[in-house]
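J.: below are the sequence and a predicted model; questions follow.
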Protein chains: 2
Amino acid sequence: MGLIVQKYGGTSVADLERIRSVAKRVARTYDGGNDVVIIISAMAGVTDSLVEMANQISDSPDKRELDVLLATGEQTTASLLAMTLHAMGYPAQSLLGHQARVVTDGTFGNARIVDIGAQRINELIENRDIVVIAGFQGCDINGNITTLGRGGSDTSAVAIASALKADVCEIYTDVDGIYTADPNICEKARKISVVSYDEMLNMASLGAKVLQIRSVGFAKKYNVPIHVRSSFSEEEGTMVVNENSGMERLVVSAVTHDKDQSRITLKKVPDQPGVAAKIFSPISEAGVVVDMIIQNTRAEGQTDLTFTVPRESFADAMKIEKAVAEDIGAEAVLGDENISKVSVVGVGMRNHSGVASKMFTTLAKENINIMMISTSEIRISCIIEEKYTELAVRVLHSAFDLDKEE
Amino acid sequence: MGLIVQKYGGTSVADLERIRSVAKRVARTYDGGNDVVIIISAMAGVTDSLVEMANQISDSPDKRELDVLLATGEQTTASLLAMTLHAMGYPAQSLLGHQARVVTDGTFGNARIVDIGAQRINELIENRDIVVIAGFQGCDINGNITTLGRGGSDTSAVAIASALKADVCEIYTDVDGIYTADPNICEKARKISVVSYDEMLNMASLGAKVLQIRSVGFAKKYNVPIHVRSSFSEEEGTMVVNENSGMERLVVSAVTHDKDQSRITLKKVPDQPGVAAKIFSPISEAGVVVDMIIQNTRAEGQTDLTFTVPRESFADAMKIEKAVAEDIGAEAVLGDENISKVSVVGVGMRNHSGVASKMFTTLAKENINIMMISTSEIRISCIIEEKYTELAVRVLHSAFDLDKEE
């Protein structure tokens, strides 16, 4: 018995039948003697349809009004779920973002939560009401409706769980947890029972499909235990918790991959102060996010500079860098879209040496060439040829003892 | 130049193209130097679809949650119109019911407006913003979302026009004004340029298709001039104003008819105290609205009692009255669904005698039998056989000099 926050994503509430399934699960949790607060997304596809409608009006619809429009998606599902619970004989009340006092800054379309006034929610909980809160939305201090950006309902849920000091924030989605690798390419991947916030933050490519990365940062800051699980089964999913919560300590917890990568190399760049700024400022201004950067010093005051950008930004970045190369007197700009990033992630790395050398050796055994390397405290990433991605994931998964028992 | 409140109904905002037409009209009004406040309905059919969705969950969906659901309809159109105005280069802001401080009582589904805090709207007006307010919705003092019942956007518009002391409240709809009779059955019907609040209130069957009757009562109370007009043309419509506004004084302003009538007669009712209560209490408790009642005293302490109810309530009422007749010892219950009500309405009647006799004579000339009669200060209604409805309307229209010039 305790206070449980449950968040249901768009596929979990895609139609009235699924909303009824959600209501049954909520009712079971409530009948177990728990206080229950639900955060709910819009029906799958609804937000996209609304954005499309707005884009028929303008290429860049007014951001304030777009948020008013998008907020109807979660308003609809919140009222339908509360209605369904009532029809089943349970006391329930929906609250919209402004009613739940989810106060944000005024950045329409990507607002940050600045405060949650838990009083109204707590009053309802004390009355043993099931509280159904529209996720993804809030209001600024002037009462304007704001939305939190893609996947914002996860952040709503974690923030509300934090404000209410909930025992757990359950995130219901269409997958049953976080895996040691993408099961689509690594059949020996297994579900992770416990993972730390930092590992989740470093597993973006595996985790982002399941949990909005911003919400993980929030959960870490306020130490909110998250339970990621499927709304279509009763199985336990993956707990995302503080590193010191007595977790099992594998050296490597997961192998991730990201094919959304491309590489750009500027050859024979004059090695002078200020050159790096000339290379990276223009693409940053164009909104392109640079991931890895490697600089190899050559003889005679020249250097080769290589960096990676998301594949969708490749064409833009190439165009910009060709102009830059001419400007600074670099010899050539080379591009490669056929690369991918393979990473091993694990908090255990902090206390284990030899992870990097094991990774490199494992890839070398398969004749997979490593083009670039980057590391963080709990992650090592290698850029390789795209065609080797699946093989690399599988051999690393085995090498770091992640394969599930036969 | 002045402050103009414009209300657009569901057919006027049925799709993005029509919303664009509305935006153009709003822009023209604004460009004329006027301050403009818009009240907007949901897209035609949307409220019905939402109600249908709720009815799939329960036969009697929770009223609080139904209001949250229904409120999304006007929220959608308000944001889309504001967005469209922005795309055209006009400053506009949408306000939902609670943002516009439309405070109501807590009667979900049929709330009454108790207060409008005009400050927020006035601030936007002073900033020369076009204010687009979601009609039909408000919030109670606890911040719960409420709706005002069918056609409630008209009431929103009149109430807001009153609070802002607007110069006029324009109600845009899919007809171009109020007619002297239904043009579908009386081709000589002509548009009325000015009508009084009281006449509108007595012309329910003609007016209700155009303007929510409750909003007329509100307009009368606060003396808000209403201009009913078409959103598909530039023509002047019908002004609904105070009786003393120098109106043209016809004796009869309009001939109305209502086929949604049925008649029930209890034969040989024992004429004792308390019998009427026994007859009418049960159907009132069943939510059936009785319109006219006639009692003919017979010999020997018996009476015949006849009354009318809406046709949709006929079956229910007959069933109830058959039980009542047995209980009180009445001889028989007779029913007739083939009747209609024809009325003449006009403030001029107050100062003219002979209207009733002219009406009866006109109908008699056509051999139309009058079954029941009821009158108010400015209206005379007759129940006749349904098949004579169209003929009765036409001959009365001519007799009271309402036919348009050839």
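T.: Happy to help now that I have it.

J.: how about the residues of chain A by chain B?
T.: Proximity of chain A to chain B, by CB under 8 Å from any CB of the partner chain, involves residues A:16, A:53-54, A:56-58, A:61-62, A:64-66, A:68-69, A:71-72, A:75-76, A:78-80, A:82-84, A:86-87, A:92-94, A:96, A:98-99, A:143-145. For glycine as for every other residue, the C-beta is placed from the backbone atoms N, C-alpha and C.

J.: mind giving me the ChimeraX select for those residues, buried ones only?
T.: Buried residues among the residues of chain A next to chain B (16 or more other CB atoms under 10 Å in any protein chain shown), as a ChimeraX selection:
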select /A:53,54,57,61,62,64,65,66,68,69,71,72,75,76,78,79,80,82,83,84,86,87,92,93,94,96,98,99,144,145
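
J.: in helices, which of the residues of chain A next to chain B appear?
T.: A:16, A:53-54, A:56-57, A:64-66, A:68-69, A:71-72, A:75-76, A:78-80, A:82-84, A:86-87 (DSSP state H).

J.: quick check: next helix or strand after the helix or strand of chain A with the lowest mean pLDDT?
T.: The weakest-scoring helix or strand in chain A, judged by mean pLDDT, DSSP states H and E, is helix A:204-207 (a mean of 66). Using DSSP states H and E, the helix or strand that follows helix A:204-207 towards the C-terminus is helix A:213-222.

J.: report the buried residues of that following helix.
T.: Under the neighbour-count criterion of 16+ other CB under 10 Å, helix A:213-222 has A:213, A:214, A:215, A:216, A:218, A:219, A:220 buried.

J.: for it, which outside residues touch it?
T.: Helix A:213-222 is contacted from outside by A:113, A:149, A:151, A:154-155, A:157-159, A:162, A:169, A:197-198, A:200-201, A:204, A:207, A:224-226, A:240, A:242, using CB atoms under 8 Å, 6 or more residues apart in numbering or on different chains.

J.: could I have the buried ones of these as PyMOL selection syntax?
T.: Of the contacts of helix A:213-222, the buried ones go into a single PyMOL selection, burial set by 16+ other CB under 10 Å:
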select buried, chain A and resi 113+151+154+155+157+158+159+162+169+197+198+200+201+204+207+224+225+226+240
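
J.: quick one, helices of chain A?
T.: Using DSSP H, helices in chain A cover A:16-31, A:46-57, A:63-87, A:119-126, A:152-164, A:197-202, A:204-207, A:213-222, A:275-285, A:314-328, A:355-365, A:389-399.

J.: what's the mean pLDDT across the longest one?
T.: Model confidence over helix A:63-87 averages 98 on the pLDDT scale.

J.: that one versus helix B:63-87: what angle between them?
T.: Orientation check (axes from the mean of the first three to the mean of the last three CA atoms, to 10 degrees): helix A:63-87 against helix B:63-87 gives 170 degrees.

J.: report the angle between helix A:63-87 and helix A:16-31.
T.: Inter-element angle recorded for helix A:63-87 and helix A:16-31: 70 degrees (by the same axes, to 10 degrees).

J.: relative to helix A:152-164, how tilted is helix A:63-87?
T.: Using the same axes, to 10 degrees: helix A:63-87 against helix A:152-164 is 70 degrees.

J.: what's the answer for the first one, then?
T.: Using the same axes, to 10 degrees, one finds that helix A:16-31 and helix A:152-164 are set 20 degrees apart in direction.

J.: tell me the buried residues in helix A:16-31?
T.: Taking 16+ other CB under 10 Å as the criterion, helix A:16-31 shows A:18, A:19, A:20, A:22, A:23, A:25, A:26, A:27, A:29, A:30 as buried.

J.: state the distance from residue A:175 to residue A:358.
T.: 29 Å (CB to CB, to the nearest Å).

J.: from residue B:18, how far out is residue A:66?
T.: Taking CB to CB, one finds residue A:66 at 20 Å from residue B:18.

J.: ditto for residue A:210
T.: Using CB to CB, residue A:210 is found at 42 Å from residue B:18.

J.: quick check, nearest of the buried residues of helix A:16-31 to residue A:400?
T.: residue A:25 (35.4 Å; CB to CB).

J.: ok, the closest one touching residue A:231?
T.: Yes. Checked against CB atoms under 8 Å, the pair residue A:25 and residue A:231 is within contact range at 7.1 Å.

J.: give the residues shared as contacts by those two.
T.: residue A:172.

J.: domain parsing for chain A?
T.: Per the record, chain A has its domains at A:3-174, A:255-399, by automatic domain parsing.

J.: do me a favour and get the end-to-end distance for the shortest one?
T.: Terminal residues of domain A:255-399 are spaced 11 Å apart (CA to CA, to the nearest Å).

J.: and if you look at stretch A:283-298?
T.: Note: stretch A:283-298 ends 24 Å apart using CA to CA.

J.: average pLDDT across it?
T.: What stretch A:283-298 shows for mean pLDDT is 86.

J.: ranking the helices of chain A by mean pLDDT, which is last?
T.: In terms of mean pLDDT, the lowest-scoring of those is helix A:204-207 (a mean of 66).

J.: can you tell me the residue of the stretch 251-400 of chain A closest to chain B?
T.: Using CB to the nearest CB, the closest approach of the stretch 251-400 of chain A to chain B is made by residue A:287 at 22.8 Å.

J.: mind checking pLDDT for the nearest residue to that residue once chain neighbours are set aside?
T.: Nearest residue to residue A:287, sequence neighbours excluded (CB to CB, 6 or more residues apart in numbering or on different chains): residue A:313, at 8.0 Å. Listed pLDDT for residue A:313 reads 92.
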